[in-house]
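Peer 1: No letters, just coordinates:
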């Protein structure tokens, strides 16, 4: 008699898009990511704001003419990971604390406040990846069931 229970396949949720380093593409990254999060049944905030800030940084500060940036989203266990890879690896981001009347410069301060953690990973020259992780609320931590971007991954017992 086999008492081993059948294993359910796990689900991997991922989304990736490559865009030109322009303000318009940064906006498109946010819009596409928002739709992907919706299709996965995940909360839009704070992820949408983190994606907007990191995409804008990739388009403005990571801009190298003729080289694209990439947005990657994936869910592992209870965490949504957001990655923006650009081709300006020599220019590492760091939070700034602008004056109260400054019109910009708060992006990474916002990311730091909204994300569970964030950082920078060097890539093959000339790339770098700025990443942020957002912990998902308990109600949405279950794997997706057939939603777009969900790929079955077989497990072995």
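Peer 2: Done, it's in. Just so it is clear, the structure is predicted and the values come from calculations on it, not from any experiment.

Peer 1: helix/strand/coil for residue 109?
Peer 2: On the three-state scheme (DSSP: H, G, I helix; E, B strand; the rest coil), residue 109 is labelled helix.

Peer 1: Taking the centroid of this structure, which residue is nearest it?
Peer 2: Centroid-nearest residue in the chain: residue 82, 1.5 Å away (criterion: C-alpha atoms, centre = their mean).

Peer 1: Excluding sequence neighbours, find me the nearest residue to that residue.
Peer 2: Once flanking residues are discounted, residue 82 sits nearest to residue 132: 4.9 Å by C-beta to C-beta, 6 or more residues apart in numbering. Every residue, glycine included, has its C-beta placed from N, CA and C.

Peer 1: Now do the phi/psi pair for that neighbour.
Peer 2: Main-chain dihedrals, residue 132, degrees, to the nearest 10: phi -150, psi 150.

Peer 1: List the contacts of it.
Peer 2: Residue 132 makes contact with 50, 54, 81-82, 111, 114-115, 117-118 under the criterion C-beta atoms under 8 Å, 6 or more residues apart in numbering.

Peer 1: Let's see that with 7 Å instead.
Peer 2: 50, 54, 82, 111, 115, 118 (C-beta atoms under 7 Å, 6 or more residues apart in numbering).

Peer 1: nearest to residue 72, of the residues you listed?
Peer 2: Nearest to residue 72 out of those is residue 82 (C-beta to C-beta; 7.7 Å).
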